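Undergrad: got a sequence here, can you model it:
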Amino acid sequence: MSEDIFQGYKGKALEILKKYNVRVWGLADIATTRGNFKGTVLPRSENDDDIHIVLKIITGYNIGIDINTIKDMKETGYQKANYKIPEKEFPYTKGKPNVKLLGTGGTIASRLDYRTGAVIPAFSPGELYGAVPELADICNLTTEKLFAVFSENMGPEQYKALAIAIGKEIENGIDGIIIGHGTDTLGHTAAALTFMIQNSPIPIVLVGSQRSSDRPSSDAALNLMHAAYTAGHSDIAEVMVCMFGPTSDEYGFLHRGTRVRKMHSSYRSTFRTIGDVPLATVRRGLVTPIKKEYNHRRKDRKVKILPYFEEKVAIVYYYPNMQPDMIDSLVENGYKGIIIAGTGLGHINKPLYPAIERATKAGVHIYMTVQTLWGFVHMFVYDTGRDLMDKGIIPAENMLPEVAYIKLGWALGQTTDREEVKKLMLTPINDETTNKEPYNGYLIYQGGVPEVENFIKKFRK
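TA: The predicted structure is shown next:
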């Protein structure tokens with residue numbers, strides 16, 4: 001049997017496949033010391049080991065079988081898979097809202113690359129309709145692929161291009177915008193667009209997925225349907241993040257773009273509103289507001305586009321024994337702004353004080369946030385906080401560190417005047433700072449205690 005039918009297999013695993021005449025993409029019955037398995041033999045990544053055979057079982061999940069447990073294998077059929085989703089022309093229905101999907105890449109528009117085993121941006125936005133035909137029941141969708149990058153490669157260049165593109169779509173009369181985006185920095189982009197697109201008359205919805213489209217547990221399709229309904233039908237005209245609410249597919253959350261954070265590396269319900277409650281829940285055909293105050297949809301086309309960003313801005317996450325050269329090096333490298341994520345109410349150690357003073361005297365704008373995420377900076381409580389303010393650090397209230405980073409970059413893209421920057425930073429645009437946090441804006445339950453376990457049992461049987 002030729003080597004090209006054993007894609008990615010090598011060493012001992014390759015020997016086993018050859019021994020039993022089983023090909024990649026072959027339907028196989030495999031008897032092992034741990035039981036019998038049926039499924040399709042999948043290709044392996046060129047970087048993987050040589051002691052496992054990967055099988056896609058009938059449930060759609062992939063499992064790895066240790067070759068040392070295999071007693072017998074038999075190929076019962078062969079059907080090479082095609083993982084490319086064909087593009088389809090989206091049908092137009094008179095009376096449905098017109099929604100534009102701007103693609104940037106990310107897991108909601110991706111496929112599995114069996115050569116490397118990586119999830120790669122591959123689906124064009126037009127292919128999404130081929131994967132999720134239910135979108136046609138919700139809106140008239142047009143698509144445009146602006147970028148094809150993972151979210152870690154999103155930055156000021158993309159933020160500005162997105163803001164300008166959205167401004168043009170609003171001017172042209174679109175009813176709603178969806179932005180397909182990778183989840184890792186989705187919150188950063190949501191904050192940037194909140195500052196760059198002000199007074200929008202329509203919903204602007206960022207959406208991604210935690211699990212790629214080829215997985216049975218993928219959240220891509222439902223997140224996209226929720227985002228489409230929100231963009232086309234919701235009365236909330238803000239920059240929002242639309243992702244799973246609970247771990248199940250019961251409903252999605254709409255999070256305000258300045259208060260949302262990714263809080264788990266792999267859960268589908270990873271996004272949470274911090275220091276507040278979400279804007280709304282969204283189900284198929286229903287958006288239910290949670291917050292009473294929000295910007296309402298309008299029929300006019302008036303919007304303010306402010307696509308500015310200074311790239312020489314950094315976040316410094318304070319840790320015990322941080323050395324002054326951490327601050328000095330940023331100044332020496334031309335940084336114009338620094339966000340500090342301080343401990344407690346906004347604290348750093350005294351050895352940093354001279355470096356802070358040198359930085360502010362050099363014209364660097366420094367703002368304090370808290371690494372606790374929930375809560376406010378309170379630098380008047382202790383003498384240390386008062387000393388830091390005397391040296392030029394400005395408290396950023398309850399702004400999230402990454403939101404403060406984005407806002408400072410946006411502010412410095414417009415002016416370097418200290419008072420003007422301060423005014424831009426501390427004047428809320430859309431709840432990046434709030435007067436107070438609601439009593440239910442901070443909820444972290446710990447498992448193991450009776451009252452929490454009893455609560456969890458209502459939902460997890």
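Undergrad: find the nearest non-adjacent residue to the residue nearest the centre of the chain, please.
TA: For the chain, the residue nearest the mean C-alpha position is T183 (2.0 Å; Cα atoms, centre = their mean). Spatially, and ignoring its direct neighbours in sequence, T183 is nearest to G208 (4.1 Å; Cβ to Cβ, 6 or more residues apart in numbering). Glycine gets a C-beta too; all of them are placed from N, C-alpha and C.
Undergrad: settle this for me: the one you found is touching G252, isn't it.
TA: No. Taking contacts as Cβ atoms under 8 Å, G208 lies outside contact range of G252: 11.8 Å.
Undergrad: anything in contact with each of these two?
TA: Counting by Cβ atoms under 8 Å, 6 or more residues apart in numbering, the shared contacts of G208 and G252 are 223, 243.
Undergrad: which helix in the chain has the most residues?
TA: Criterion DSSP state H: the longest helix present in the chain is helix 156-171.
Undergrad: helices or strands next to that helix in the packing?
TA: strand 98-103, strand 176-180, helix 186-196, strand 197-198, strand 304-305 (3 or more Cβ pairs under 8 Å, 6 or more residues apart in numbering; DSSP states H and E).
Undergrad: counting by contacts, list what the longest one packs against.
TA: What it means is helix 186-196. Looks like helix 186-196 contacts helix 156-171, strand 204-207, strand 239-244, strand 260-262, helix 401-412 (3+ Cβ pairs under 8 Å, 6+ apart).
Undergrad: quick check: which of the helices and strands packed on helix 156-171 is buried the most?
TA: Per-stretch averages of neighbours, counted by mean count of other Cβ atoms under 10 Å, single out strand 176-180 among these, with a mean of 28.
Undergrad: between helix 156-171 and that strand, find me the angle.
TA: Interaxial angle, strand 176-180 versus helix 156-171 (axes from the mean of the first three to the mean of the last three Cα atoms, to 10 degrees): 160 degrees.
Undergrad: and stretch 142-157, end to end?
TA: Start to finish, the residues bounding stretch 142-157 are 23 Å apart (Cα to Cα, to the nearest Å).
Undergrad: run the chain-centre distance for it.
TA: Once both centres are worked out by Cα atoms, centre = their mean, to the nearest Å, stretch 142-157 turns out to sit 12 Å from its chain's centre.
Undergrad: list the buried ones in that stretch?
TA: Under the neighbour-count criterion of 16 or more other Cβ atoms under 10 Å, stretch 142-157 has 142-143, 145-151, 153-156 buried.
Undergrad: same deal with stretch 194-214?
TA: Within stretch 194-214, the residues that count as buried by 16+ other Cβ under 10 Å are 194-197, 200-214.
Undergrad: any idea how far it is from the chain center?
TA: 10 Å.
Undergrad: for this structure, which segments count as helices?
TA: Taking DSSP H, the helices of the chain run over residues 11-20, 125-131, 156-171, 186-196, 220-233, 325-332, 353-361, 383-390, 401-412, 418-426, 450-457.
Undergrad: so what touches the third one?
TA: It stands for helix 156-171. 100, 102, 104, 144, 146-147, 149, 177, 179, 189, 192-193, 196-197, 200-202, 204, 301, 303, 305-309, 311, 409.
Undergrad: repeat that for the last one.
TA: Outside of helix 450-457, the residues that reach it under the criterion Cβ under 8 Å, 6+ apart are 445-447.
Undergrad: need these in a markdown table with pLDDT, distance to A221 and neighbour count, can you?
TA: Listed next are those as a markdown table, based on pLDDT from 0 to 100; distance: Cβ to Cβ, whole Å; neighbours: other Cβ atoms under 10 Å:
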| residue | pLDDT | distance to A221 | neighbour count |
| --- | --- | --- | --- |
| Y445 | 83 | 30 | 10 |
| Q446 | 88 | 33 | 6 |
| G447 | 88 | 30 | 7 |
